[in-house]
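Peer 1: Would you be able to build a 3D model of this:
(chains A, B, C and D)
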Number of protein chains: 2
Amino acid sequence: MSNSIKRMATMQRMQVTGLELFYKKGYYNTSVDDILKELSLSKGAFYYHYDSKEDFFVQIIDNLIVRRVYSMLIEPIEGHDNPLDLITNCFDNALETAVHNEMDFGFMLSNLIAEFNGKNDTIMKHLTDVLKIWEVNLVTTLQKGKFNGFIDRHVDCEGVATYLMSSFIGIRTLMTDVAPSARKYRFMAQLRQYFKSIELKPESV
Amino acid sequence: MSNSIKRMATMQRMQVTGLELFYKKGYYNTSVDDILKELSLSKGAFYYHYDSKEDFFVQIIDNLIVRRVYSMLIEPIEGHDNPLDLITNCFDNALETAVHNEMDFGFMLSNLIAEFNGKNDTIMKHLTDVLKIWEVNLVTTLQKGKFNGFIDRHVDCEGVATYLMSSFIGIRTLMTDVAPSARKYRFMAQLRQYFKSIELKPESV
DNA sequence: TTGTATAGAGACTTAATGGTCTGTTTAACC
DNA sequence: GGTTAAACAGACCATTAAGTCTCTATACAA
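Peer 2: Numbers count the residues shown, from 1 in each chain, chains lettered A, B, ... in the order given. The predicted model follows:
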């Protein structure tokens, strides 16, 4: 195996395992040694590839987390169908992984923001950048939906995006509680209710 | 000063300062020494009154946090007026303190849940108990609103409560980002939009 | 006034963790 | 096949933080 390939493979392995542990136990509660133990690697390997734990984590955000956001929250809502339907299905799927206690973006990001807010500006900046990407894409999708006659023209797309992001991040925090499945079901019902209030109604044309 | 009074005064001082620091820097990121330094007290004083850092924090939840939830999120929505108006004003006020970067319940709780989830079951139980109190009171208020003809009778009060809690917790996480004031404004507008979709409409009677 | 329990001071112990440093192995290249 | 640099091992260091222990001071009862 060529060196550059080997380098990338090792770094990738570290990041995947790192993200998993950070997700499960939090950043400050996960030591570099925890990650290395899981991979049977040594401190030497880690600090050969990364400057610091912080540098390591920033690379995880910019690689793995951003990619996950695209695949779970952005790509599913692209297309020319009714964006409200697309978003509904997208949230439904994303929350379903949460029900099964899998690693999901919503909780991860809300966790991480909570953990780093006011403590680490560097990491916070990278996290809020990810949020911004999600937000911009939501707004774009909603505006397109307005243009294509799915959403009422009086609707404030930025406002809807904010409301959607809020509720999604919040429901994930609540789902750590008891009965995540029931919580999800109720949440989705209310989301549909809310969407009914912003869709373009035939009689109002 | 009598001893029992002195004891309570000291414990109260510790808890108030402890909560403030935990809120600002997180639980794991705040050391017992940080709190004691702020108060010019010693380790001896701390471990004379509390068994452990965890015991200390549980008492903070059961005293200070629960009380704050009552005063900020429960008492303001009691009464016989339109519960949707009461909730709107209550959220508006609660988020306003957040805009000014004051210590507010929403973010604190979502922060703490994020921080302790999967790490400390004892503390998590006490935190979810607080959430439960909030939820029960929200549901009760909504049901009363239905009974008094403010809310459509087809509305699922548990669902609305879940949705409200989600969005509130989520918006607080988002407000750590840039422009919290603008975020709040948009959020409140969408909340009103959502409420319009569940209120009892005169023509539908 | 004096004995006793309460309240508190602060040095110390123990364990964990981020990061460094030196040495060794492996792979690429001539 | 030998040189060189990348990749990794792991002992070690410095710091931090929770919790302990011993000693002192203060308040209250007799």
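Peer 1: ok now do A:K119, which residues does it touch?
Peer 2: For A:K119, the contacting residues are B:25-26, B:29, taking Cβ atoms under 8 Å, 6 or more residues apart in numbering or on different chains as the criterion. (Each C-beta comes from the backbone N, C-alpha and C, glycine too.)
Peer 1: got the buried residues for the helix ranked longest in chain A?
Peer 2: Taking DSSP state H as the assignment, the helix of chain A that covers the most residues is helix A:121-147. Going by neighbour count (16 or more other Cβ atoms under 10 Å in any protein chain shown), the buried part of helix A:121-147 is A:123-124, A:126-128, A:130-131, A:134-135, A:137-146.
Peer 1: Then stretch A:76-90?
Peer 2: A:76-77, A:82-88, A:90.
Peer 1: Could you work out the end-to-end span of that stretch for me?
Peer 2: Distances were taken as Cα to Cα, to the nearest Å; on that basis the terminal residues of stretch A:76-90 are 6 Å apart.
Peer 1: Residues touching it, excluding its own?
Peer 2: Around stretch A:76-90, the neighbours that count as contacts under Cβ under 8 Å, 6+ apart are A:72-73, A:93, A:137-138, A:141-142, A:144-145, A:148, A:150-151, A:164, A:188, A:191-192, A:195, A:198-199.
Peer 1: tell me the pLDDT at the residue most central in space within chain A?
Peer 2: For chain A, the residue nearest the mean C-alpha position is A:F105 (3.1 Å; Cα atoms, centre = their mean). What the model reports for A:F105 is a pLDDT of 80.
Peer 1: So it sits against A:I74, correct?
Peer 2: No: shown here, A:F105 and A:I74 do not form a contact pair, counting by Cβ atoms under 8 Å, at 10.5 Å.
Peer 1: quick one: stretch A:45-61 near chain B?
Peer 2: No: contact of stretch A:45-61 with chain B (Cβ under 8 Å from any Cβ of the partner chain) is absent, the minimum separation being 14.3 Å.
Peer 1: That stretch and DNA strand C in contact?
Peer 2: Yes: against DNA strand C, stretch A:45-61 shows contacts by Cβ under 7 Å from any atom of the strand at A:47, A:52-54.
Peer 1: Name the member of those that has the highest neighbour count.
Peer 2: When neighbours are taken as other Cβ atoms under 10 Å in any protein chain shown, the top entry among those is A:K53 (17 neighbours).
Peer 1: That one: what's it in contact with?
Peer 2: Residues touching A:K53, when contacts are defined by Cβ under 8 Å, 6+ apart, comprise A:V32.
Peer 1: Quick check, pLDDT for it.
Peer 2: On the pLDDT scale, A:K53 gets 97.
Peer 1: now A:S2
Peer 2: On pLDDT, A:S2 comes in at 64.
Peer 1: what does A:V205 give?
Peer 2: At A:V205, the pLDDT recorded in the model is 43.
Peer 1: same thing with A:E102?
Peer 2: pLDDT for A:E102: 81.
Peer 1: Count the residues that sit near it.
Peer 2: Applying other Cβ under 10 Å, we find 9 residues neighbouring A:E102.
Peer 1: Mind telling me what element it is part of?
Peer 2: Following DSSP states H and E, there is no helix or strand that holds A:E102.
Peer 1: Check the gap between it and DNA strand C for me.
Peer 2: A:E102 sits 24 Å away from DNA strand C, going by Cβ to the nearest atom of the strand, to the nearest Å.
Peer 1: Could you report the neighbour count for A:Q193?
Peer 2: In terms of burial, A:Q193 registers 18 neighbours under the definition other Cβ under 10 Å.
Peer 1: From chain B, how far off is the closest residue to DNA strand D within chain A?
Peer 2: Going by Cβ to the nearest atom of the strand, DNA strand D is nearest to A:G44 of chain A, at 1.8 Å. Distance, A:G44 to chain B, using Cβ to the nearest Cβ, to the nearest Å: 28 Å.
Peer 1: residues near that residue, how many?
Peer 2: Neighbour count for A:G44, taken as other Cβ under 10 Å: 9.
Peer 1: Can you name the helix or strand that it falls in?
Peer 2: In this assignment (DSSP H and E), A:G44 forms part of helix A:43-49.
Peer 1: CA-only coordinates of that helix, as CSV, when you get a sec.
Peer 2: As requested, C-alpha coordinates have been extracted for helix A:43-49 and formatted as CSV (Å, rounded to 0.1, in the frame of the first residue of the first chain):
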residue,chain,number,x,y,z
LYS,A,43,-0.2,8.2,20.9
GLY,A,44,2.6,8.5,18.4
ALA,A,45,0.3,7.7,15.5
PHE,A,46,-2.3,10.2,16.6
TYR,A,47,0.1,13.1,17.1
TYR,A,48,1.9,12.2,13.9
HIS,A,49,-1.3,12.9,11.9
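Peer 1: A:S166 contacts B:M175, correct?
Peer 2: No: assessed by Cβ under 8 Å, A:S166 is found out of contact with B:M175, at 9.1 Å.
Peer 1: hmm, back to that, using a markdown table, please lay out the buried residues of stretch A:76-90 together with pLDDT.
Peer 2: Converted to a markdown table, those look like this (pLDDT from 0 to 100):
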| residue | pLDDT |
| --- | --- |
| A:P76 | 97 |
| A:I77 | 97 |
| A:N82 | 97 |
| A:P83 | 98 |
| A:L84 | 98 |
| A:D85 | 98 |
| A:L86 | 98 |
| A:I87 | 98 |
| A:T88 | 98 |
| A:C90 | 97 |
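Peer 1: Let's see which of those end up in helices.
Peer 2: Among the buried residues of stretch A:76-90, the members found in helices (DSSP H) are A:83-88, A:90.
Peer 1: Mind picking the one among the residues you listed that's closest to A:S40?
Peer 2: A:S40 has its nearest neighbour among those in A:C90, at 37.8 Å by Cβ to Cβ.
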